[in-house]
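Colleague: here are the coordinates; sequence isn't available:
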Ligand code: BES
Ligand code: ZN
Ligand code: ZN
């Protein structure tokens, strides 16, 4: 998709397809709000209302094609539902619907008029950003591994046929223009995260993940440092290292640093689980659905996408991100149930289930992040199946013992339109993670609350004075497209990238 943002004049577009948004004045039969639609088209919408074919209800559409002699345009109205209930998140979804409608039409040029989305208490800039995010996110299509044998020229030709889309509103102020650009950057950062997640294990192993991170950071202010196996060992990351030993593919520790504020300002830190394939290790997973474990690096991918987004937005903050990347395989040197490993902070851990490996790699990454004396640390990980049971693919569960951090998270999620839910973590969960032969066990001693006990385990690697939140994205990192129009039906979603970027935007360095 070629995608431009413009100050749009309502009448002079030469595009083949036009999209307008129509909201309802109230929840009853108070009619539709049509003042953002050209006069001649208002009559058509009113007629449709009279005939009861279109009332502007949420997600409904009215579409028609003008006679060839009149220019042959196709015109679509998308219903937004009651004005009072409208939010920026709905604008994101409605814009995604508009994009999808246009791509199904196979039209080559189109305009989406976003003015109709500025209703209720929403501001132009917030809607501009959400609309740009919606369209950019909806345009994501994972086709890297299809038609690979095709000649480059043929691929180029089909690219040229792609939809040329303009998105805009009548307001040409700098604030609105900037918001459109920000939305595009955030959407693209999320799409990059999705792409990393969608790539299969053999094509996105730890080394490739590190190389792709370096490549994506080129031309930005990001400094990327990658440690290999020898360095990881030297840095006493024994817990992380132990997970990698069952695989031929060597681990990588990926660090991304962004300096947008004075050197004296403390950084904020992100940590992400970069498990490029989780077979379970010696505690091997069942075969059914195991292919989905290529997504076990989605937390790491979210953190990488977040950093690319922050750098491209040019935020005035200092940020450092850490992604421990490895496979979890049952090779001859793999962790065995009962093995005891030692983490960078000195704590010893009994590996009672080799499939609870995410916490083992995060232990060292969190320890290292805390050494940077950050303002706060947020981690993202596809950590537990229990999280999927608890919240499904609707909310991302997060854990923190710090109410101030919880507030920041909830505010950022509200602004970014992502759904998060604070989960409880208490001393009892900590007690369940004590080891018999070592300081800790990676497997809880009692059943149930599997995502809370995992969160409690992680807390052992972040000193009390460092504010910290853990996000378990196991349920939301992929296949959540049945709920949100801007997510692909299947595949990685890039969940939590928008919230993480927003937290950095909200942070006053
Ligand atoms: N990567 C998985 C968690 C997971 C499972 C994410 C399904 C998304 C969907 C993680 O490494 C794992 O296997 N966790 C175990 C922990 C258990 C052995 C304590 C789990 O959740 O079953
Ligand atoms: Zn596992
Ligand atoms: Zn895992």
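Modeller: Structure's in. What do you need? It should be emphasised that the depicted structure is a prediction, and the values quoted were computed from it without experimental measurement. Ligands and ions are numbered 1, 2, ... in the order given.
Colleague: What's opposite residue 169 in the beta bridge?
Modeller: According to DSSP bridges, residue 7 are recorded as the beta-bridge partners of residue 169.
Colleague: Wait, it touches residue 111, no?
Modeller: No: contact between residue 169 and residue 111 fails when scored by Cβ atoms under 8 Å: they sit 11.0 Å apart. All C-beta atoms are positioned from the backbone trio N, CA, C, and that covers glycine.
Colleague: joint contacts of those two?
Modeller: Among the neighbours of residue 169, those also in contact with residue 111 (Cβ atoms under 8 Å, 6 or more residues apart in numbering) are residue 8.
Colleague: mind checking the SS state of the residue of the stretch 1-150 of the chain found nearest ligand 2?
Modeller: Using Cβ to the ion, the point where the stretch 1-150 of the chain gets nearest to ligand 2 is residue 142, with a distance of 23.7 Å. Here residue 142 is coil, with the state taken from DSSP: H, G, I helix; E, B strand; the rest coil.
Colleague: okay, now the spatially closest residue to it that is not a sequence neighbour: neighbour count?
Modeller: Sequence neighbours aside, residue 198 is the residue nearest to residue 142 in space, at 4.3 Å (criterion: Cβ to Cβ, 6 or more residues apart in numbering). Each residue near residue 198 was counted by other Cβ atoms under 10 Å, and the total is 23.
Colleague: my guess is residue 198 contacts residue 490, does it?
Modeller: No: here residue 198 lies out of contact with residue 490, judged by Cβ under 8 Å, at a distance of 9.3 Å.
Colleague: What backbone torsions are found at residue 16?
Modeller: Per-residue torsions, residue 16: phi -70, psi -30 (degrees, to the nearest 10).
Colleague: What separation do you get for it and ligand 3?
Modeller: The gap separating residue 16 from ligand 3 is 47 Å, by Cβ to the ion, to the nearest Å.
Colleague: before we move on, back to that, between residue 198 and residue 490, which contacts overlap?
Modeller: For the pair residue 198 and residue 490, no residue contacts each of them under the criterion Cβ under 8 Å, 6+ apart.
Colleague: For ligand 2, what's its nearest residue on the stretch 251-400 of the chain.
Modeller: For the stretch 251-400 of the chain and ligand 2, the shortest gap (Cβ to the ion) falls at residue 355, measuring 3.8 Å.
Colleague: That residue and residue 283: what is the separation?
Modeller: Taking Cβ to Cβ, to the nearest Å as the measure, residue 355 falls 4 Å from residue 283.
Colleague: What parts of the stretch 401-509 of the chain come near ligand 1?
Modeller: In this structure, the stretch 401-509 of the chain approaches ligand 1 at residues 443, 450, 474, judged by Cβ under 6 Å from any ligand atom.
Colleague: what bridges to the residue of the chain found nearest ligand 3?
Modeller: Nearest residue of the chain to ligand 3: residue 278, at 3.7 Å (Cβ to the ion). For residue 278, the residues forming beta bridges with it (DSSP bridges) are residue 328.
Colleague: how many neighbours does residue 53 have?
Modeller: Around residue 53 there are 10 other residues, counting by other Cβ under 10 Å.
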